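S.K.: attaching a predicted model along with its sequence, questions to come.
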Protein chains: 2
Amino acid sequence: MAEQSGNNDNSTALLTDHYELTMLGSALADGTGERDCVFEVFARRLPAGRRYGVVAGTARVVEAITDFRFTDAEIAQLETTAVVDGDTLSWLADYEFSGDVDGYPEGELYFPGSPILTVRGTFAECVVLETVALSILNHDSAVASAAARMSSAAHGRPIIEMGGRRTHEQAAVAAARAAYLAGFATTSNLEAGRRYGIPTRGTVAHAFMLLHDSEEAAFRAQIDKMGVDTTLLVDTYDITAGIETAVRVAGPELGAIRIDSGDVGVLARKAREQLDSLGASDTRIVVSGDLDEHAIAALRAEPVDAYGVGTSVVTGSGAPTAGMVYKLVEVDGRPVAKRSEHKASRGGRKSALRRHKPTGTALEEVVYPTAKPPELGEYDRELLIPLMRAGQPVDELPTLEDGRQRLRRALVSLPWEGLKLSGGDPAIPTTFS
Amino acid sequence: MAEQSGNNDNSTALLTDHYELTMLGSALADGTGERDCVFEVFARRLPAGRRYGVVAGTARVVEAITDFRFTDAEIAQLETTAVVDGDTLSWLADYEFSGDVDGYPEGELYFPGSPILTVRGTFAECVVLETVALSILNHDSAVASAAARMSSAAHGRPIIEMGGRRTHEQAAVAAARAAYLAGFATTSNLEAGRRYGIPTRGTVAHAFMLLHDSEEAAFRAQIDKMGVDTTLLVDTYDITAGIETAVRVAGPELGAIRIDSGDVGVLARKAREQLDSLGASDTRIVVSGDLDEHAIAALRAEPVDAYGVGTSVVTGSGAPTAGMVYKLVEVDGRPVAKRSEHKASRGGRKSALRRHKPTGTALEEVVYPTAKPPELGEYDRELLIPLMRAGQPVDELPTLEDGRQRLRRALVSLPWEGLKLSGGDPAIPTTFS
C-alpha cells in the first residue's frame, strides 16, 4: 500500500513524459543527442485579462533537477515496460545534469514572452527535464500570480492560506509556499511549515463546536487550552448570540472572532459594533468563506482584520495553470523555431531587461538575443540570474524570503493600471529586439 | 536540498491543517475527544452546469489513512513550532486510526448531497483526517469528472492524457490515474505507469524535429529507432509537405501522424485525403492541442483516430476542485448540524441508494439515515461499500480497473440528458428521506 501514497524516494526522474525518453533514445542512436542545445521556458500569453504574472517555483525546479536520477527502481520500471532500449537505459543510469540554468528569480514579474528559464546542455540531458520543470513552474506561478492579486487587494491586512483541502495533497504544500511568496502572512498547512518554514495558524472548525454540548462549552474548552488570545468561531448557530457568549466567556481580551459564512461584509460591520459595545474593541475580526481577490477588494471599507482564503488561491482564481512551455530555441549555436502558421516561436538564446522611468515605474520588458545585449540604461534592470552552473546550484540562490521582498518591490514598480483587478492587457508591453 | 522536493517519507500526517491539531488538543483536554463521531464527505453542489460527478481517489484515501503516522520527524516539527502541547504530542506519537470507513467506490457517480465517504471513530482519531481525505477526493474527483465528459464525447476513440506539465508534479500522477479511471486509454506520465500500472505512450515533441537538420532526417531517426508503426509529428513546418515526407520515409505502413496546432478538424480532413491518396489508408491521425470535451465533441465527424488531452483534463476543465466538505454529522449517536442560516447541513449518519427504472435508467439518488433504510426495490442499488474496518482496509478493495468498469456501467444508466455537455441541472434529483 505504502508505495502508492507519494514519492517512494526523492528521485524526480519519472515525473516525466514518455516521449522525452523515446526522443532521447532516437537522439542517442543517431548522435544528435550530443548537440549543444538551449531550451527556454516562457508563456505565450497571460491568463485572460491578467495584467502580470509572478514567477514561482524556480527554487523547486533547481532541486528537482538536482534530484533527477534514475536509480535501480526507475530503471527496472523502464525495462519492464520497454519504454526505451538497453543503450538508453545505460545512459539514464548514469544521468546527472551537467549543464547551466539561468532564470527569472522567484517573485519577479513576467509578461508574455519573458524568458523565464533557460536550460543549456546537450539535447539528451536537457530534453528529459521538460515535464518536471514545467509542472513546477506552471503550478507554482499560477498560484503566486493569483495570490499576488489577493495580497494587493488586502492592502496590508494579513491573509491566511487555507486551501489545502481543495487541491492535491502535495500541490497543497507547494501552493502554501507560492502564496507565502506572494505576500500571504501564514498558512494552515503543517507540511508547508515543516518543509519551508512558513508560519502556520489555525484554531477550530465547526466540528469542534458541534462536538460540544453547547457553544459556551466549546468556547470554554478552547480558551482553557489556548488562552483568551485565540480566535473563536461564532457562526455555528446565531452570530449575535455567538459573539455575546464569546465575550462573556473570554472577556474583552478575546483575541479574535471568525465568521465563515454569509455576507461577511455586513456581518463584520454588525460584529464590530457589537464587540465595541461589549468593550471588546481590540478583538479582531477574521473572515473566510469563498473569498477571492474581488471579494477581498469589496471588503476594503469593512472592519475586517484578517482574511482566510482557500479554494480561490490554490486553484489560481480561474487560471489554475500558467501555461508556460519549454521550447528548443538553439542547436549548436543556431537559432531554431517552429515555423508552421500556428504556435510559431522565436529562436535563439534570449535574455531580458526591464526598462523603467526615472520614477521607478516600469515601462517595458525588452527580450533580446543574449549575444546582442542592448545598452543598459540607468533605470533598466537585467532580469535573469544564474541558477545552476555545470549541473550544480549556484552558491547564493535566492531564498523564499528574498522572493517575497522582490515581489513587493516589483509590484510597486508597476504602472497603476497594472494593479487593477479588472480584465485588461499586460501592464507593460514586451518588445523583442 | 533533497528534503524539499517531495515526501521525505511515506507519512501523510502533516498533510493536515493546523486547526485539526489545535482542536484535538482542546478535545483531549476536556474529554470530548473520546466521543464517538461520524464525519461525512459530501458536495453541496456540482460545479456550475455539470450534470454528474465521478468519485475518484477513494483508494488513495484508504492508503493515506493507513500511512497516517506521526514519526519522530513529525513530532519534532510540531514540538519545535509549539503547535500543540506535550500531552497531545504523546497521543499523536501513538496515533493509528482504529475506526471504520464506508464510501462510494471509485467510478461511482455522485450528486449534490451524496454521502461519498463516512468516517467513524472517536472525535480525536477522525478529526485529524479531514484535510488529507478532502485533498485527495477533491482533486481526483475533479479530474475524473472532467475526464468522463471527454471520454463520452470521444465516443470510443482513445484519448491519451498528457497534461502532467500543466499541473503540480505529484498532482500530475494522480490526475493520470483519475483520467484512466474515467476511460482515458493511456497517459504520458511515466510515474503513473510505475505507481498504478497505467499504460504510457509518447513519441516525439517539436524539439526533436528542430534538433535535426531537416524534417526528413528527424523522421528517419525516429523510424530507425522505433519502426514504421510510430507516430510522426507533421506540423513543425508545413503540414502537407510534412505528410508527404512522412509517407515517403516510412512507407504506407506508417502507424500514425500527429497534428498539434491549428484548426485540427480541417487539418485532419485534409490529412486523411492526402494519406489515402498516398496509399497510407491505415495510417491513423492523432490530434492534440488545447482540446477539451467541447472540442472533442466538435471533432466527432472528422477523420480523427485518437486525441491527446492535456491542460483541460488536469485542471478539471473549468472546475479544478470538486468542492467536497468533511462534516461532523453525529456525536455519541446524536445527529448534529450547523444551524446558522448559511451553509446549513443535515445531521446524522447517512447511507444512499439509487433508484432505477426497469430499463436500468437512473431515477433518483435517495439519501437516508443509515438506521432507517427504505425498502430496497428490485431496480435499486445501494451505493456505499465498506472500505476500512477497525483501522484496516477491507480485504477486497475495488481495483482501478473495477472503477473503470463501474463508471462505464454507471454512465450508461444516466438519463440521456445527463450526458449532454451543455450546462444543466444534475441528471437525477437527490431525495433526502
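M.R.: Perfect, I can see it now.
S.K.: just checking, what packs against the lowest-mean-pLDDT helix or strand in chain A?
M.R.: The weakest-scoring helix or strand in chain A, judged by mean pLDDT, DSSP states H and E, is helix A:72-80 (a mean of 94). Using 3 or more CB pairs under 8 Å, 6 or more residues apart in numbering or on different chains; DSSP states H and E, the elements in contact with helix A:72-80 are helix A:86-93, helix B:190-196. Just so you know, the C-beta spots here come from the backbone N, C-alpha and C atoms, and that holds for glycine as well.
S.K.: buried deepest among those, which one?
M.R.: helix B:190-196 (a mean of 24; mean count of other CB atoms under 10 Å in any protein chain shown).
S.K.: chain center to the helix or strand that it is followed by: distance?
M.R.: With elements assigned by DSSP states H and E, the helix or strand that comes after helix B:190-196 is helix B:206-211. Computed by CA atoms, centre = their mean, to the nearest Å, the chain-centroid distance of helix B:206-211 equals 32 Å.
S.K.: residue in the stretch 151-300 of chain A nearest to chain B?
M.R.: Using CB to the nearest CB, the closest approach of the stretch 151-300 of chain A to chain B is made by A:Gly202 at 3.1 Å.
S.K.: show me the contacts for that residue.
M.R.: Going by CB atoms under 8 Å, 6 or more residues apart in numbering or on different chains, A:Gly202 touches A:162, A:188, B:17-22.
S.K.: farthest-apart pair in those residues, please.
M.R.: Largest separation among the contacts of A:Gly202 by CB to CB: A:Met162 and B:Leu21, giving 14.1 Å.
S.K.: which one's more surrounded, these two?
M.R.: The neighbour comparison of A:Met162 against B:Leu21 (other CB atoms under 10 Å in any protein chain shown) goes to A:Met162, with 28 against 23.
S.K.: over to that one: give its phi and psi.
M.R.: Backbone dihedrals for A:Met162, given as degrees, to the nearest 10, come out at phi -140, psi 40.
S.K.: I'd assumed A:Ala306 was in contact with it.
M.R.: No. When contacts are counted by CB atoms under 8 Å, A:Met162 is not listed as touching A:Ala306 (11.4 Å).
S.K.: follow-up on the earlier one: may I see the helices and strands packed on helix A:72-80 organised as JSON lines, with distance to B:Ile239 and mean pLDDT added?
M.R.: As requested, those are exported to JSON lines (distance: least, CB to CB, whole Å; pLDDT from 0 to 100):
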{"stretch": "helix A:86-93", "distance to B:Ile239": "30", "mean pLDDT": "97"}
{"stretch": "helix B:190-196", "distance to B:Ile239": "29", "mean pLDDT": "97"}
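S.K.: out of those helices, nearest to A:Pro252?
M.R.: Using CB to CB, the helices and strands packed on helix A:72-80 put helix B:190-196 closest to A:Pro252, at 54.6 Å.
S.K.: what's next to the closest one, contact-wise?
M.R.: Contacts for helix B:190-196 (CB under 8 Å, 6+ apart): A:3-4, A:14-18, A:21, A:73-74, A:77-78, A:81, A:83, B:172-173, B:176-177, B:180, B:187, B:198-200, B:400.
S.K.: which among the residues you listed end up buried?
M.R.: By neighbour count, with 16 or more other CB atoms under 10 Å in any protein chain shown, these hold A:4, A:14-18, A:21, A:74, A:77-78, A:83, B:172-173, B:176-177, B:180, B:187, B:198, B:200, B:400 as buried.
S.K.: next step: the residues you listed restricted to strands.
M.R.: Of the positions in those, B:Thr187 sit in strands, assigned by DSSP state E.
S.K.: you'd agree A:Glu364 is up against A:Leu353?
M.R.: No. A:Glu364 lies out of contact with A:Leu353 (CB under 8 Å); the separation is 9.3 Å.
S.K.: more neighbours: these two, which one.
M.R.: More crowded of A:Glu364 and A:Leu353, by other CB under 10 Å: A:Leu353, with 21 against 15.
S.K.: okay, the more buried one: pLDDT?
M.R.: On pLDDT, A:Leu353 comes in at 98.
S.K.: quick check: it is in a strand.
M.R.: Yes. When classified by DSSP: H, G, I helix; E, B strand; the rest coil, A:Leu353 is found to be part of a strand.
S.K.: that one touches A:Thr370, doesn't it?
M.R.: No. Using CB under 8 Å, A:Leu353 is not in contact with A:Thr370; the gap is 11.4 Å.
S.K.: circling back: can I get the helices and strands packed on helix A:72-80 in a markdown table with distance to A:Asp260?
M.R.: Shown next, in a markdown table, are the helices and strands packed on helix A:72-80 (distance: least, CB to CB, whole Å):
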| stretch | distance to A:Asp260 |
| --- | --- |
| helix A:86-93 | 50 |
| helix B:190-196 | 36 |
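S.K.: out of those, flag the one nearest B:Leu210.
M.R.: Short answer: helix A:86-93, nearest of the helices and strands packed on helix A:72-80 by CB to CB, at 20.6 Å.
S.K.: tell me the angle of the closest one relative to helix A:72-80?
M.R.: 160 degrees (axes from the mean of the first three to the mean of the last three CA atoms, to 10 degrees).
S.K.: pull the contacting residues for the residue lying closest to A:Ala322 once chain neighbours are set aside.
M.R.: The shortest distance from A:Ala322 to any non-neighbouring residue, by CB to CB, 6 or more residues apart in numbering or on different chains, is to A:Ser141 (4.1 Å). By CB under 8 Å, 6+ apart, the residues touching A:Ser141 are A:53-57, A:110, A:178, A:322, A:324.
S.K.: I'd like to know how far A:Ser141 sits from A:Tyr110.
M.R.: Computed with CB to CB, to the nearest Å, the distance linking A:Ser141 and A:Tyr110 is 8 Å.
S.K.: next: A:Arg346.
M.R.: 16 Å.
S.K.: which one's more surrounded, the two?
M.R.: Neighbours were counted for A:Arg346 and for A:Tyr110 using other CB under 10 Å; A:Tyr110 has more, 28 against 17.
S.K.: my guess is the more buried one meets A:Val54, correct?
M.R.: Yes. Counting by CB under 8 Å, A:Val54 is a contact partner of A:Tyr110 at 7.4 Å.
S.K.: and A:Thr118, how many residues sit next to it?
M.R.: A:Thr118: 23 neighbours (other CB under 10 Å).
S.K.: could you list the low-pLDDT ranges of the stretch 51-200 of chain A?
M.R.: Within the stretch 51-200 of chain A, no stretch has pLDDT under 70.
S.K.: which helix or which strand is home to the closest residue to A:Asp100 other than its chain neighbours?
M.R.: Nearest non-adjacent residue to A:Asp100, counting by CB to CB, 6+ apart: A:Arg120, 4.7 Å away. Here A:Arg120 sits within strand A:117-122, counting by DSSP H and E.
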